[in-house]
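Novice: Here is my input, please return the structure:
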Amino acid sequence: MSRYSALRRRTTIALTATILAAAGVTGCGGSSGSTTSITPGSYSGSTSQGLPITFTVTSTSVQSVAFAWTAKCADGHTHTNEIQLGNGTIHAGTFSVGGTLDTGALAQVQGTIQGGTASGQLSRSGPSAFGTNCVAAGVKWQARVAGS
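Specialist: Numbering: from 1, shown residues only. The predicted structure is shown next:
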């Protein structure tokens, strides 16, 4: 191989490695995708309705989600109540926890966790303990881990 060919080959390899690194591709099956920092602990905060939301975070899941909601319901009255949901898995810093309530209503909390802060949206719709249908949708929330 001539000196020129060897230099050209090294330059091509170096240029290819630079392009792949810039594109976020690594060799040997690795990934240079972004990592999300999650601080485990008890989170508490408030919704855009000024009501509380609490949950516990581990490195892989969100547990014991509880929140209060208020809505003008089908009976024409504004009702406020609390909901307790179960657990959900955290994937790439995001989670979704939902379920069917005792009344038959549906509730869901979606969020993103970065470090010791979390934010997202929640909703509930359907029959309520007040004997009427209530809908609280697109309610934003924010929470922080205890001690931060």
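
Novice: And for residue 37, nearest residue in space, chain neighbours not counted?
Specialist: residue 115 (5.1 Å; C-beta to C-beta, 6 or more residues apart in numbering). (C-beta placed from N, C-alpha, C; glycine too.)

Novice: same thing with residue 43?
Specialist: That would be residue 143: by C-beta to C-beta, 6+ apart, it lies 4.3 Å from residue 43.

Novice: Return the backbone torsion pair for the residue nearest to residue 37.
Specialist: phi 70, psi -130 (degrees, to the nearest 10).

Novice: tell me the mean pLDDT over stretch 71-84?
Specialist: Averaging pLDDT along stretch 71-84 gives 96.

Novice: Which positions within it qualify as buried?
Specialist: Within stretch 71-84, the residues that count as buried by 16 or more other C-beta atoms under 10 Å are 71, 73, 79, 81, 83.

Novice: Show me where the protein has its helices.
Specialist: Secondary structure of the chain (DSSP state H): helices at 3-22.

Novice: lowest average confidence, helix or strand, in it?
Specialist: Within the chain, confidence by mean pLDDT, DSSP states H and E is lowest for helix 3-22 among all helices and strands, at a mean of 40.
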